[in-house]
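Asker: I'll drop the sequence and a predicted model, then ask my questions.
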Amino acid sequence: MRGGPLGAIIGRYPSSSDGNTQFGSTNGVINHNRKCRDVVFLIIFIAFWVSMIVNSSFGFNQGNPLRLIHGVDYKGNVCGNKHASPNLHEFGLQYWPNPNQVYESGLKNSQFKLINARSICLKECPIPSDSSLNWVCDYPEGEIQIKMDEWKDRNYNYFDSLTPEMRNSSLQLQGPCYPVIFPSVNVYWSCQFIARASNASLGHWQQMGGVNIMEDIIIDKSIHKSINSRSSVLKRYVADVGKAWPVLIVCGGLLPLFLSIIWLLMIRYFVAAMTWITVILFNVLIVSLTMLYYLKAGWIGNDAVSSIIGQHDPYIHINGREQSHLRAAAALMSIIMIVAILSSIAIIRRILMATSVLKVAAKVIGEVQALIIFPVIPYTILAIFYMFWFSAALHLFSSGQIVQNDCKSNCCVYDLGSRRISCDRCCGYSIKYTPHIAVAILFHLFGSYWATHFFVACSSTVIAGSVASYYWTRGGTSIQQDIPFLPVFSSMKRLTRYNLGSVALGSLIVSFVEWIRYILESMRRKLKGTDTMSETWMGKMGSGSSQCCLGCIDWTIRSVNRNAYIMIAITGKGFCRASSIATGLIMNNILRIGKVNVIGDIILFLGKLCVSLFCAVFAFLMLDTHKYRSAHNKISSPLFPVLVCWWLGYVVATLFFAVVEMSIDTIILSFCQDSEEHQGTAQYAPPLLIETLTDQNEMQRLTQGSSI
């Protein structure tokens, strides 16, 4: 008899005094030699959580999500902020009343930037009049004894109430009133100038003796460049996630929960049809999602995303980065769709084998029925974590300081409060982000990686322990009473008492590797435009090879971790020792379990994608309703909310599909070890399990492989 790598830990125990080998019950197999492992990493994980709370509290204290959407006026107030002075709750649009400042900011060699120009907050973008000259005046204060509501009702115009001195300064474009010469349109809560001046308004202005107003396409491009900057687009994407929180709850939380439970029940009762249903549904969903991207990118139909909010002239077209990003996503989805369809065709011949593999998990779920319900526990914990995490992320991204710019420009404006023209503080305000905020955001992002992997790993370990209890109590006697009552809760107790540190270490390794991949990819993209080497074929080959190697390492570590969690659940060993045992066991049986594992993993992966793709498609449809296309709740692009729903759906599906995934892996590893311990005959394998394996030839190959 050839001893396996686990020795007395699983299936084989030291001989008794009479020389007979004794096989214990589950308490002997699963609970053998347990003690707390990898405690240092559990302490690190707890310290990490404390740091996450401290880091998030900084965001809650300093951040304001309104800054992600709205601009800042000349007083440092965020437009749309009801706590500002004056109250700007109804005034969410940023408007630059002085067209000459906008023109100057657009000149190539000008040191005067648009953020330095004087801006105020309005409810609607003003338009020129054909019969008279419209004005936009400053917030009413000082001698102007009207309230904000009356100011709004007057279309921001109280030029008739100005003193001769105020009128003269207004004609010099120094305020408090400014002429509306150029039409403007609401583009992402900023009044985008259209570079065609109203001849009637311009004529009235010149008749009144106003200073020369510059007319050029630069006025259009200056504001458009600011609105379309990378930082502005990123802020809008983050704000989209905050606005679409009902969609995230439905499509990222409730819908994948429902679909995952349905999928598990289907596996339990209709396992023969589920492989075909999964493959067909996957292809239908990925084609549907690709077509939706085409629709919003404007490649088919007339429903492309628009950067203009509210009613506007249909002849005005303003393109933004959001539409370009959607077109890139549509092109990428086209490639993924083609690869997915071809891959599905390639695995059709292997679907029958996948059905046989899934029967193993179906039998386990039938015996340990609490496994279907258990993932609701880690799901609830993750849901609470994500609600906290997303809220903190919104505040962290908006936690910069509003400071007045040092524009070093000679500009003067009429101050209604002091009743005089002031040239001291006429520069605008902007949000300054310090380096420690960037570090806080990166730390917060890493936190989501580690926490997600930790909870998924905990769930996988509990499932592995439950399935191991099911397997190792059936021995030659198959005594049903030996299975612990409520094995899932027994496995949870063992995890909580002994193995949290090991799970923290395993999840940290995966998160660290993925984070390194993310950082290297970001560095590669930044160097692509500056490094000439990256444009050569050698540079491209080196970049592609490094990405491929990192991807292989990531996949290998994930696979090793998953099997390590099984060994942790069964043996109670630390993470490193469990990884070594699992790797040795797999290498000794790679020819016997590789074929079975790969096909089963592919079908399970497609099942996860089906759930997440369905969530993404439904999120697309929800975001296409009037609520998210109207002025107040309009999202700049469905791209980020859909991707977040896709990701959340995949995480939730991973939690529930781990029931099947870990059941198969635990049963196969336990079966291989059982065979090695008993000269190729698995004594602990339940009869129901043996009946569901592929066929008699496969069964003989599996059970006789260790004695060859």
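Answerer: Arrived safely, thanks for sending.
Asker: Now do residue 130 against residue 183, distance only.
Answerer: Between residue 130 and residue 183 the distance is 11 Å, computed by CB to CB, to the nearest Å. The way it works is simple: take the backbone N, C-alpha and C, and place the C-beta from them, glycine included.
Asker: what do you get for residue 443?
Answerer: 46 Å.
Asker: More neighbours: which of the two?
Answerer: residue 183 (21 against 15; other CB atoms under 10 Å).
Asker: which residues sit in contact with that one?
Answerer: 127, 128, 193, 194, 196, 198 (CB atoms under 8 Å, 6 or more residues apart in numbering).
Asker: Among these, which lie within helices?
Answerer: Here DSSP state H is the test, and the contacts of residue 183 give no hits in helices at all.
Asker: For those residues, give me CSV that also has pLDDT.
Answerer: Compiled in CSV, the contacts of residue 183 are given as follows (pLDDT from 0 to 100):
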residue, pLDDT
127, 87
128, 89
193, 86
194, 83
196, 80
198, 82
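Asker: which one of those has the most neighbours?
Answerer: Counting by other CB under 10 Å, top hit in the contacts of residue 183: residue 193 with 26 neighbours.
Asker: and it, what does it touch?
Answerer: Here residue 193 is in contact with 96, 99, 102, 182, 183, 184, 219, 220, 223 (CB under 8 Å, 6+ apart).
Asker: Buried only: go through those for me.
Answerer: With neighbours counted using 16 or more other CB atoms under 10 Å, the contacts of residue 193 contain these buried positions: 96, 99, 102, 182, 183, 184, 219, 220, 223.
Asker: Okay, the fifth one and residue 215: tell me how far apart.
Answerer: What it means is residue 183. 13 Å.
Asker: got it, and the fourth one?
Answerer: Residue 182 sits at a distance of 8 Å from residue 215 (criterion: CB to CB).
Asker: And residue 359, by the same measure?
Answerer: 76 Å.
Asker: quick one: low-confidence ranges for the stretch 551-700 of the chain?
Answerer: Across the stretch 551-700 of the chain, the stretches falling below the confidence threshold (pLDDT under 70) are 551, 554-555, 589-600, 631, 678-682, 685-700.
Asker: Mind jotting down where the strands sit in it?
Answerer: Applying DSSP state E, counting those that start in this stretch to the stretch 551-700 of the chain gives no strands.
Asker: which other residues reach stretch 42-52?
Answerer: Contacts of stretch 42-52 (CB under 8 Å, 6+ apart): 443, 444, 447, 450, 451, 454, 500, 501, 504, 508.
Asker: Give me the subset of those that lies in helices.
Answerer: Short answer: those in helices (DSSP H) are 443, 444, 447, 450, 451, 454, 500, 501, 504, 508.
Asker: Top of these by number of neighbours, please.
Answerer: Neighbour max across the ones in helices among the contacts of stretch 42-52 (other CB under 10 Å) = residue 504, 26 neighbours.
Asker: looking at it, that one is touching residue 37, isn't it?
Answerer: No: look at residue 504 against residue 37 with CB atoms under 8 Å: they stay out of range, at 10.4 Å.
Asker: Count the residues that sit near residue 250.
Answerer: 17.
Asker: List the contacts of the residue nearest to it when sequence neighbours are not counted.
Answerer: Of all residues beyond its chain neighbours, the one nearest residue 250 is residue 622 (6.9 Å), with distances taken as CB to CB, 6 or more residues apart in numbering. The contact partners of residue 622, taken as CB under 8 Å, 6+ apart, are 246, 247, 250, 251, 628.
Asker: Now restrict these to buried residues only.
Answerer: 247, 250, 251, 628.
Asker: would you say the second one is within a strand?
Answerer: It refers to residue 250. No: read with DSSP: H, G, I helix; E, B strand; the rest coil, residue 250 is helix and lies in no strand.
Asker: mind checking how far it is from residue 509?
Answerer: On the measure of CB to CB, residue 250 and residue 509 end up 34 Å apart.
Asker: What of the third one?
Answerer: Distance, residue 251 to residue 509, by CB to CB: 31 Å.
Asker: worst-scoring helix or strand of this protein, pLDDT-wise?
Answerer: The weakest-scoring helix or strand in the chain, judged by mean pLDDT, DSSP states H and E, is helix 696-704 (a mean of 42).
Asker: Just checking, which helix or strand succeeds the helix or strand in which residue 264 is found along the chain?
Answerer: Using DSSP states H and E, residue 264 sits in helix 255-269. Using DSSP H and E, the helix or strand that follows helix 255-269 in sequence is helix 271-297.
Asker: Now do that next one: distance to the chain's middle.
Answerer: 21 Å (CA atoms, centre = their mean, to the nearest Å).
Asker: Tell me the buried residues in that helix?
Answerer: Result for helix 271-297 [16+ other CB under 10 Å]: buried residues 271, 274-275, 278-279, 281-283, 285-286, 288-297.
Asker: So which elements touch it?
Answerer: Secondary-structure packing of helix 271-297 (3 or more CB pairs under 8 Å, 6 or more residues apart in numbering; DSSP states H and E): helix 255-269, helix 321-346, helix 351-367, helix 590-623.
Asker: Nearest to residue 636, out of the ones you listed?
Answerer: Nearest of the helices and strands packed on helix 271-297 to residue 636, taken as CB to CB: helix 321-346 at 5.3 Å.
Asker: quick one: buried residues of the closest one?
Answerer: Within helix 321-346, judged by 16+ other CB under 10 Å, the buried ones are 321, 322, 323, 325, 326, 327, 329, 330, 333, 337, 340, 344.
Asker: got it, and stretch 65-85?
Answerer: 65-75, 77-81, 84.
Asker: again with stretch 410-430
Answerer: 411, 412, 413, 414, 415, 416, 421, 426, 427, 428, 429, 430.
Asker: Can you list the low-confidence ranges for the stretch 401-550 of the chain?
Answerer: Residues of the stretch 401-550 of the chain that meet the cut-off, pLDDT under 70, sit at 408-409, 425-426, 474-485, 521-547, 550.
Asker: Quick one: the helices in it, in order.
Answerer: Assigned by DSSP state H, counting those that start in this stretch, the stretch 401-550 of the chain shows helices spanning 435-472, 487-494, 500-528, 537-571.
Asker: Identify, out of those helices, the most deeply packed stretch.
Answerer: helix 435-472 (a mean of 22; mean count of other CB atoms under 10 Å).
Asker: now the angle between helix 487-494 and that one, please.
Answerer: 130 degrees (axes from the mean of the first three to the mean of the last three CA atoms, to 10 degrees).
Asker: Work out the gap between helix 435-472 and the centre of the chain.
Answerer: For helix 435-472 - counting by CA atoms, centre = their mean - the centre lies 15 Å from the chain centre.
Asker: again with stretch 134-150
Answerer: Worked out by CA atoms, centre = their mean, stretch 134-150 lies 44 Å from the chain centre.
Asker: what sits in contact with each of residue 130 and residue 183?
Answerer: residue 198.
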